[in-house]
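Enquirer: structure, please.
(chains A and B)
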2 protein chains.
Amino acid sequence: MYNDNTTAELEEVMAKAVSAFHQYKTYSLAQRATFMRTIAKEIEALGDELIQTAMAETNLPEARLVGERGRTMFQLNNYAAAAEQGNWLEASIDTAVPTNTPPKPDLRKMLIPLGPVVVFGASNFPFAYSTAGGDTACAFAAGCPVIVKAHPAHAKTSTLMASAILTAATKCNMPDGIFSHVYGAGFEVGEYLAKHDAVKAIGFTGSFGGGKALFDWANQRKNPIPVFAEMGSVNPVFILPEKVATESESLAKQMAGSITLGMGQFCTNPGLIIAIDTDGLERFIQHLKREIKTAVPAKMLHQGIAANYAEKLAKALAQKGVQVVSQTDEEVEDGKGLITLATTNGKTFLQNPTLHQEVFGPYSLIIQCADEKELLAVAKAIEGQLTATLMATPNDIRAHQELLNYIQDICGRFIFNNVPTGVDVSLPMHHGGPYPASTDSRFTSVGADGIKRFARPLSYQNWDDEFLPEELKNGNPLNIWRTVNNELTRDQIS
Amino acid sequence: MYNDNTTAELEEVMAKAVSAFHQYKTYSLAQRATFMRTIAKEIEALGDELIQTAMAETNLPEARLVGERGRTMFQLNNYAAAAEQGNWLEASIDTAVPTNTPPKPDLRKMLIPLGPVVVFGASNFPFAYSTAGGDTACAFAAGCPVIVKAHPAHAKTSTLMASAILTAATKCNMPDGIFSHVYGAGFEVGEYLAKHDAVKAIGFTGSFGGGKALFDWANQRKNPIPVFAEMGSVNPVFILPEKVATESESLAKQMAGSITLGMGQFCTNPGLIIAIDTDGLERFIQHLKREIKTAVPAKMLHQGIAANYAEKLAKALAQKGVQVVSQTDEEVEDGKGLITLATTNGKTFLQNPTLHQEVFGPYSLIIQCADEKELLAVAKAIEGQLTATLMATPNDIRAHQELLNYIQDICGRFIFNNVPTGVDVSLPMHHGGPYPASTDSRFTSVGADGIKRFARPLSYQNWDDEFLPEELKNGNPLNIWRTVNNELTRDQIS
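Expert: Model prediction:
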């Protein structure tokens, strides 16, 4: 239905993007914000056609897609507000001190856009982390044109979203080339873009294999560029002894809800549950076993994800020392996912790297550790994660300071007595984490700080006020927060 | 004199660094700042021995070294103050809204340290960008232990500086392993460290070859790590027609001072001067010719740099279409550098990539462009730079908006009617720039924002106030600026 773009077409796309960049980067923060808010309105204006198209392409239920559309619009409006507020610019100014030896010059710094950004969306969020999703919104906020490669699993949905962006671009008099939408069923188009000299950054959400390929291509360029790839996670949940002894049933209900939410097709799905083998844990397992047995399986996003889940699940369960605790009672067929809970001991987990890998779907593995020492060893052995969760009482925390110290080092978000699923769109959200959860633990793909992935500081030395950008002028006409001579202020400079 | 460390020794160094990290990261900002200020005092306490040692190892004159020692101490104190002030933490808090659908959790985010950092210092700044230099200061401020590989060209100076750091560590009760100093005459020790699993980031100042090797090793690891390599620059100076017509003599004096400062051995040395061929430019060239002829050459840093300069200079001057305008009159021998000014036309420059490369030393090439169009083409052809300079009148600026737009894209610091040499240590300083000036244009190696190279965000979700770090507690006991529910404030949360 959608043919791969030819090289000639991609060259034209990139030439337009470069030209658009040199105009768009001079647009005011308010103009960028208006453009983003208009995209949100145009998405709404797509109406039911968008929802029906995505339902047909992804098997996602209507309510979920309506919710995700709301999230997508919220992101655009939220990052537009952040862009306009200007705190992300990190504007700083030191005024001149000509009497210093050597004379101290007037120096003013702010973030400026990197250039054209290529976005590769996620299969599991056809709206919020795809064509008009978080990466695109962040790039527009930063001042960058965007080229989206449509996800082959929802190319029609992507095309609709692209039309909303292009309509908004026309309404807001954006330069030609501010946004382009390209197709490629295989990896060739993506590789071509990742290696294109005019591309200055990449945003990606998806598998480790896809993210790693982009990261390697980008680093091997003559001029390497930053890639922010969010590559999933197993999101370990550590349950401490007093907590599980006192709340085994409610914990089991909470965990079952998180494991089965959206058929486990979230990058924050809790794939590992780690605890010391106690009577309390045994009760928790029995409660969770019942919850899983009675959980209702649903169709997975598409046939490819269902097949991938079945394969990865079979491989995980075939590992020596892994026992199935419980699987859903209902017969599973036709693209549905088999909700599964398994268990193993700490020693087995420590010896078998296969058990550390993500099984994308409604599956969780309980690791029963022999003692505190083994619990700590498991925490140290786990790779970088988007999230880690601690289920604990205050007494548990006080007794496990060393464990907490190590868990911090492996995650981007550390959750206390709560579940990892549910990623709030807000400034304090960090959705990233040490490798391999993401390619650079210093950046996030959710929340307005994600804008900073696509911007870099530029210092202006000794410029007359007339020629400085609005953000750095003495009069502070945009009334933004700036660090002036080391103090945060919105004051003018006299 | 200093033997390469053995693999067994390096393993011990890294084991200690990991252990130190897990203690040091829990130390307060005030403790980190005290440690850094104590290092500055211990450097001062080294007294004249430090200066004499560096003079013997580097050929740098006493006054320059005394100045650089002051800069080094200033950096430690300045970054200590920034660390304690806490703005760099980017603390942000959204309080819970349980009535939202879904309920909005309490989320609090701040930067935490990455882990052990390996620092490779610069040959041209034996104090300020070496053992106790900017990278080390930033890493300590961030909460990271540091391993410094002594620069082979000033290993004795480095060892003295290391002793000052270790004395300060003892006085401040820092954990064993907070700082280690290792030796390696070749690249093997550096490669071993760059590939070591316990190393979490690298800071480097030096040549493109060295920085690129570290960048590649770091990206090819099982767990890639960030490398900030500052790899030098040719620092183009664009001189516009009205400016050169009216101020040719003073411009020539200014440029001569910058070209010959420190025998051109600064990463911000102006290696290219770019202008349209006019009568004004001709007068400027004649003035600059005289300045260069009468400039007094001095010994270069060491024999290796002198030899490298001679070789690169000969290669640059041997290129077709390059003419020597002027060289210093004085006979040059015994490790001194031949101060040289050459010229070429825009067409030759555009066709020959060799002329785009840095010649590290007191050399500058004037590019005489045929017209505005060629000037713009030259600006577009130049690679990423630490700095770009514009010499212009207000009329010139108004007539060259497109040129300014392009120059911005190739530099990290954009200077107006001033020289690129002289890098102020302050928050608004950006010392980095698009590749190949640095490996990541989003970070700086000078100024307190350099701390962020070695830190990453961590979100805390749903934690009781008792167990949050001081920086994020409701009461704001450190009185730091935080973004609370999207507004910057130092207020407590009730």
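
Enquirer: tell me the contacts of A:Lys25?
Expert: A:112-113, A:143-144, B:405 (CB atoms under 8 Å, 6 or more residues apart in numbering or on different chains). In short, each C-beta sits where N, CA and C put it, glycine included.

Enquirer: and if you look at A:Ile225?
Expert: A:Ile225 makes contacts with A:114, A:199-202, A:218, B:435, as judged by CB under 8 Å, 6+ apart.

Enquirer: now it, nearest residue through space, not along the chain?
Expert: Take A:Ile225 and drop its neighbours on the chain: the residue closest to it by CB to CB, 6 or more residues apart in numbering or on different chains is A:Ala218, 5.0 Å away.

Enquirer: return the set of buried residues in the helix or strand harbouring the one you found.
Expert: Using DSSP states H and E, A:Ala218 maps to helix A:208-220. By 16 or more other CB atoms under 10 Å in any protein chain shown, the buried positions in helix A:208-220 come out as A:208, A:210-215, A:217-219.

Enquirer: closest one of those to A:Glu291?
Expert: Nearest to A:Glu291, judged by CB to CB, of the buried residues of helix A:208-220 is A:Phe208 at 29.3 Å.

Enquirer: which residues does the residue nearest to A:Ile225 contact?
Expert: If you count contacts by CB under 8 Å, 6+ apart, then A:Ala218 has A:194, A:202, A:224-227 around it.

Enquirer: quick revisit: pull the helix holding A:Ala218 out as CSV, backbone CA atoms only.
Expert: Coordinates of each C-alpha in helix A:208-220 appear next as CSV, following Å, rounded to 0.1, in the frame of the first residue of the first chain:
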residue,chain,number,x,y,z
PHE,A,208,17.0,-3.2,21.5
GLY,A,209,18.0,-4.5,18.0
GLY,A,210,16.5,-1.5,16.2
GLY,A,211,17.9,1.1,18.7
LYS,A,212,21.4,-0.4,18.7
ALA,A,213,21.6,-0.4,14.9
LEU,A,214,20.7,3.3,14.8
PHE,A,215,23.2,4.0,17.6
ASP,A,216,26.0,2.2,15.7
TRP,A,217,25.2,3.9,12.4
ALA,A,218,25.0,7.3,14.0
ASN,A,219,28.4,6.8,15.8
GLN,A,220,30.1,5.5,12.7
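
Enquirer: that one vs helix B:208-220, what angle?
Expert: 180 degrees (axes from the mean of the first three to the mean of the last three CA atoms, to 10 degrees).

Enquirer: show me what A:Ser438 is bridged to.
Expert: A:Glu230 (DSSP bridges).

Enquirer: residue contacts, it?
Expert: A:228-231, A:384, A:386, A:412, A:432, A:445.

Enquirer: now list the buried members of those residues.
Expert: Buried among the contacts of A:Ser438 (16+ other CB under 10 Å): A:228-231, A:384, A:386, A:412, A:432, A:445.

Enquirer: low-confidence ranges in the stretch 1-150 of chain A?
Expert: A:1 (pLDDT under 70).

Enquirer: so what does A:Glu12 have for phi and psi?
Expert: phi -70, psi -40 (degrees, to the nearest 10).

Enquirer: what's the burial count for it?
Expert: For A:Glu12, the count of nearby residues is 14 (other CB atoms under 10 Å in any protein chain shown).

Enquirer: what does A:Lys195 give?
Expert: A:Lys195 sits with 15 neighbouring residues when counted by other CB under 10 Å.

Enquirer: let's verify A:Ser163: helix, strand, or coil?
Expert: helix (DSSP: H, G, I helix; E, B strand; the rest coil).

Enquirer: doesn't A:Val324 lie inside a helix?
Expert: No. Using three-state DSSP, the secondary structure at A:Val324 is strand, not a helix.

Enquirer: and it, how far is that from A:His287?
Expert: 17 Å (CB to CB, to the nearest Å).

Enquirer: follow-up on the earlier one: by neighbour count, which of the contacts of A:Lys25 wins?
Expert: Neighbour counts for these peak at A:Cys144, which has 28 neighbours (criterion: other CB under 10 Å).

Enquirer: residues contacting it?
Expert: For A:Cys144, counting by CB under 8 Å, 6+ apart, the contacting residues are A:21, A:24-25, A:113-117, A:200-201, A:454.

Enquirer: how about those in JSON lines, adding secondary structure?
Expert: As requested, those are exported to JSON lines (three-state DSSP):
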{"residue": "A:Phe21", "secondary structure": "helix"}
{"residue": "A:Tyr24", "secondary structure": "helix"}
{"residue": "A:Lys25", "secondary structure": "coil"}
{"residue": "A:Pro113", "secondary structure": "strand"}
{"residue": "A:Leu114", "secondary structure": "coil"}
{"residue": "A:Gly115", "secondary structure": "coil"}
{"residue": "A:Pro116", "secondary structure": "coil"}
{"residue": "A:Val117", "secondary structure": "strand"}
{"residue": "A:Lys200", "secondary structure": "coil"}
{"residue": "A:Ala201", "secondary structure": "strand"}
{"residue": "A:Phe454", "secondary structure": "helix"}
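
Enquirer: can you tell me which of these is nearest A:Met36?
Expert: A:Tyr24 (12.2 Å).

Enquirer: just checking, that closest one touches A:Pro145?
Expert: Yes. Counting by CB atoms under 8 Å, A:Tyr24 touches A:Pro145, with 6.0 Å between them.

Enquirer: tell me which two of the contacts of A:Lys25 sit farthest apart.
Expert: Once CB to CB is applied, these give A:Cys144 and B:Asn405 as the farthest pair, at 14.8 Å.

Enquirer: show me what the helix or strand where A:Lys243 lies is packed up against.
Expert: Assigned by DSSP H and E, A:Lys243 falls within helix A:241-260. Here helix A:241-260 touches strand A:272-276, helix A:279-294, strand A:363-369, strand A:385-391, helix A:394-399, going by 3 or more CB pairs under 8 Å, 6 or more residues apart in numbering or on different chains; DSSP states H and E.

Enquirer: can you give me the offset of the shortest one from its chain's centre?
Expert: Looking back up the chat, that one is strand A:272-276. 25 Å (CA atoms, centre = their mean, to the nearest Å).

Enquirer: and the angle for it with helix A:279-294?
Expert: Going by the same axes, to 10 degrees, strand A:272-276 makes 150 degrees with helix A:279-294.

Enquirer: for A:Met73, which non-adjacent residue is spatially closest?
Expert: Among residues not flanking A:Met73 along the chain, A:Ala40 sits closest, at 4.1 Å (CB to CB, 6+ apart).

Enquirer: please read the previous query as pertaining to A:Ala370.
Expert: Spatial nearest neighbour of A:Ala370, chain neighbours left out: A:Gly346 (5.9 Å); criterion: CB to CB, 6+ apart.

Enquirer: distance of the one you found relative to chain B?
Expert: 21 Å (CB to the nearest CB, to the nearest Å).

Enquirer: touching, that residue and A:Glu372? I think so.
Expert: No. Using CB under 8 Å, A:Gly346 is not in contact with A:Glu372, being 10.9 Å away.

Enquirer: with neighbour numbers in mind, choose between the two.
Expert: Using other CB under 10 Å as the criterion, A:Gly346 and A:Glu372 rank with A:Gly346 on top: 23 against 15.

Enquirer: after the biggest helix by length in chain A, which helix or strand is next?
Expert: In terms of residue count, the longest helix belonging to chain A (DSSP state H) is helix A:62-85. As assigned by DSSP H and E, the chain's next helix or strand after helix A:62-85 is strand A:92-94.

Enquirer: that next one pairs with which strands, and in what direction?
Expert: With DSSP bridges as the test, strand A:92-94 pairs up with strand A:107-113 (antiparallel), strand A:482-484 (parallel).

Enquirer: next one: the helix or strand containing A:Lys380 to chain centre, how far?
Expert: A:Lys380 is part of helix A:372-381, with elements assigned from DSSP H and E. Centroid separation for helix A:372-381 versus its chain: 28 Å, with CA atoms, centre = their mean.

Enquirer: and chain B, is that helix touching that?
Expert: No. Helix A:372-381 stays clear of chain B (CB under 8 Å from any CB of the partner chain), getting no nearer than 10.3 Å.
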